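**Q** Below: sequence and its predicted model.
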Amino acid sequence: MSNVISMQGREVSSGLFYKMLDRRDSYSHNFICVTATVLLLLGYSNCVLAQDAAGTIASHLPAQSAVSSANTSANSSLSSASKSAATQAVTNGNQTLTNGTQPVTNGTSLITNITKSDNTNQTEGTSALDSPSEPSLLTIFLVSDLQYDIFPVYRENRSLCDVGDVGDEEKCEGGLPSLKSFMEDNHDNNSYEIWLNAGNTLGGDLFRTLKFKTALRAMQDLPFNATAVGSNVFKYGGEAGQSYLDGLNETVVVSNIDPAPRHKSLTFAVENCSVSVIGYVDSSEQDIHGVSVKNYTESIIEEVERISKEHQNDTKPIIVVIGSSTVNKSKAIASIDGIDFVFFSGANWSQDAAPSKGGQNVSQYFCETVNKTSVNKTARVCSLKVNHTSETGRFIIGKMQLPITNSCSVANAEFDVVHYQNSTQNKEALDLIKTERRRLQRQNEPLTENTKNLTAERDICSYSECSLGNLIADSMVAALRSDGTLNKSSTTIGIFPASHLRPNGTIPEGNVTAMDLYDLIDQDAYIYSVLLTGCQLKDILEISIKSVNNSNQTDFLHVSGLLQIEYRNEHENNSEIASVKTVSAASLSMLLREIDVNDSATFYNVTVPLTLLKMENYKKLLGAVNASYHPVTVVEAVTRYINNTRFLLLPAVGTRLIPIDSRPAPSPAVVCENHMATIVIVTLIIAALVVGLLYGVWRWRSIRSHLMPGYINF
């Protein structure tokens, strides 16, 4: 093979050719390296420029709300529908902050940092609120006066939807499922949000039968940031209302009750500003068993001063007050220095709530500006005018938009009303509503059958023993027996005031339902147990027997079957107890034993309703007695008592209250007559009979000895 290679008409040796080729490869390699280096430098420069541009834009754009996805349904971010203000995780660039909730030292406020999502390269220490271009927008959503209106209603007639139709959006609308969907879905990602409940959640006829449990479950299912309560929360006593507050302890705010709830106020940090929400209860009732309601004005002022002192080195906080009251009382609260807004419930029932002027929905809300007396400032007072009989005023939410400047001042606040009845119904809320709707339907199902018409005896129940009163007293005692038998921890004495039976209420003949029992009692009440001495028990019963057979008196008490009272009627209104007997809870027998009515050392467990503790003539005696609350009402006790009986067994009448003569007449003298002659005659006859008998025996033996030789007659 030749070592000569021809290239473009020239002949070169193969060795020279490969040298030339290596030289070209070296040039190519150098060219590629230089080019790649230049391109890398250009790319890095463009990347840096892009990042700088992004940082510049980020410092001028409003930040977006971003909440850790793991806590979206449970945290308290104001820019999302949250379940409570208890826990929160806010995303800050690539770092998750878990300091969302920090209780302050006095335990009355909860600091919740609410921030929009930050850009990664935003300059440290700057905020979107620092931009002079546009203030941040805070949106406050207001719900009030639900009055237990949490069940969907038929679109055509506004009545409650049956269980089978709940969830059918063509037939039904509104209620808890629609409200929850609206709260979770209808929010603006470009603004901060606070969801407030101004109170009056409880009330209406459903509260009479459902009490607290259903409302509590519904409120726990709704993502409010702060919740106020109306005076209805203590309608059935302080202990029952306190259990409702305890169930909402993460969001409920009340500043003027004792024992105090977890929060008197809640404070939310919005960038470099803060919004504090203070709650209060306006209760005209002074005698709330188990709870002391303090002056709400003084309590609010005290909380405002505490919050202001806490932020004295920061910008002035925006202070909001929520609660249930009247328009004029709310205006007086708004005039307090430091308060910016008052959102209250109850405007539709307030006589001084004049129609608002200006705006599209003026008939559905009340909102006015109040001038403060001590400083040249103003505050806003707003409320919804919920109308549960109106198609357009039933399922409404208030919406106020507050532009907040970088100095944390508010200007041009706008209030309006939005409707939620057509919102897509939330599935979880639907499940809860279906369960509670079945419970409502069961209240109209037969419990047992009554074979006796009790209408005729209803009139005498207010002043004497009757079957209805005996049934209620026995049911109350049975409700507190854990195992149905007498033991040291149970009670054998039950007392129920006749004045709390409805004047026209009775148990009808035929099927008996739970609703019949609710209609029997004027006001259902929770049951308490009190420890009374024999002396105290006597004093209480003597007030009762003064009303016996006296229709003008209202203090008569029905007692349980294991209590027997003997009394004397001296003269009108001056009866006295002769004896009181009961069955000892520790006794294995059912024998009645007399109670020493002069004893002040031995105590007896007595079952009473809350209504008795509040009656004027009895609370003087029972006011100093420790009363133990039981989470069962009188109607619930009667329902349990008769629930498993095919026929209603009514207690007998006449063995519990026994009148005796006040002065027993002396026994008439017995005249002893002289029966001596009769005695002598009878004695002689008996003697003659004995002698005759002896002679007959002797004679028989003599005859026998003659007829039977060998018979020896001794």
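**A** Received, thanks.

**Q** what bits of the protein have low per-residue confidence?
**A** The chain contains residues with pLDDT under 70 at 1-133, 188-190, 286, 349-362, 455-458, 482-490, 570-573, 585-589, 662-675, 704-714.

**Q** Could you chop it up by domain?
**A** According to automatic domain parsing, the chain comprises the domains 4-58, 97-120+128-150+191-429, 450-660, 678-714.

**Q** Which parts of the stretch 251-400 of the chain are strands?
**A** 257-258, 265-270, 273-281, 292-293, 318-324, 341-345, 365-371, 378-384, 396-404 (DSSP state E, counting those that start in this stretch).

**Q** Return the list of strands paired to the fifth one, each annotated with direction.
**A** Take DSSP bridges as the rule and strand 318-324 pairs in its sheet with strand 273-281 (parallel), strand 341-345 (parallel).

**Q** Tell me which of those sits nearest to residue 493.
**A** Of all the strands paired with strand 318-324, strand 273-281 sits nearest to residue 493, with 34.9 Å by Cβ to Cβ. (C-beta placed from N, C-alpha, C; glycine too.)

**Q** quick one, the closest one and strand 265-270 angle?
**A** 160 degrees (axes from the mean of the first three to the mean of the last three Cα atoms, to 10 degrees).

**Q** SS state for residue 686?
**A** Secondary structure for residue 686, judged by DSSP: H, G, I helix; E, B strand; the rest coil, is helix.

**Q** now, of the domains of the chain, which is deepest in the fold?
**A** Greatest average neighbour count among these goes to domain 97-120+128-150+191-429 (a mean of 20), per mean count of other Cβ atoms under 10 Å.

**Q** Give me the distance between it and the centre of its chain.
**A** Relative to its parent chain, domain 97-120+128-150+191-429 has a centroid offset of 18 Å by Cα atoms, centre = their mean, to the nearest Å.

**Q** again with stretch 682-698
**A** With Cα atoms, centre = their mean, you get 95 Å for stretch 682-698.

**Q** Same question for stretch 151-164.
**A** 24 Å.

**Q** Between the two ends of it, how far is it?
**A** Start-to-end span of stretch 151-164 (Cα to Cα, to the nearest Å) is 13 Å.

**Q** Out of the strands of the stretch 251-400 of the chain, flag the one nearest residue 613.
**A** Between residue 613 and those, the shortest gap by Cβ to Cβ is with strand 292-293, which sits at 15.4 Å.

**Q** on contacts alone, who are the packing partners of that closest one?
**A** Helices and strands touching strand 292-293, by 3 or more Cβ pairs under 8 Å, 6 or more residues apart in numbering; DSSP states H and E, are strand 257-258.

**Q** which residues sit against the strand it packs on?
**A** 281, 291-294 (Cβ atoms under 8 Å, 6 or more residues apart in numbering).

**Q** Ok, stretch 504-522 next?
**A** For stretch 504-522, the external contacting residues (Cβ under 8 Å, 6+ apart) are 208-209, 442-455, 458, 468, 472, 499-502, 524, 634-635, 638-639, 642, 648.

**Q** Kindly check the end-to-end length of it for me.
**A** 10 Å.

**Q** Please compute how far it lies from its chain's middle.
**A** So, by Cα atoms, centre = their mean, the centroid of stretch 504-522 is 25 Å from its chain's centroid.

**Q** circling back: and of the strands of the stretch 251-400 of the chain, who's closest to residue 251?
**A** Here strand 265-270 is closest among the strands of the stretch 251-400 of the chain (Cβ to Cβ), at 7.4 Å.

**Q** partner strands of that closest one, parallel or antiparallel?
**A** For strand 265-270, pairing defined by DSSP bridges yields strand 110-114 (parallel), strand 273-281 (antiparallel).

**Q** so what's residue 338 up against?
**A** Contacts of residue 338 (Cβ under 8 Å, 6+ apart): 304-305, 307-308, 319.

**Q** and these, which two are the farthest apart?
**A** 305 and 319 (10.7 Å).

**Q** Tell me how far residue 147 lies from residue 530.
**A** Counting by Cβ to Cβ, to the nearest Å, the separation of residue 147 from residue 530 is 33 Å.

**Q** cool, residue 560 as well?
**A** As judged by Cβ to Cβ, residue 560 and residue 530 stand 14 Å apart.

**Q** before we move on, what about residue 211?
**A** Residue 211 is 22 Å from residue 530, by Cβ to Cβ.

**Q** Residue 329 too?
**A** Taking Cβ to Cβ, one finds residue 329 at 36 Å from residue 530.

**Q** ok, now residue 154?
**A** In this structure, residue 154 and residue 530 are 46 Å apart, going by Cβ to Cβ.

**Q** thought residue 430 was touching residue 166?
**A** Yes - Residue 430 lies in contact with residue 166 (Cβ atoms under 8 Å); the separation is 6.4 Å.
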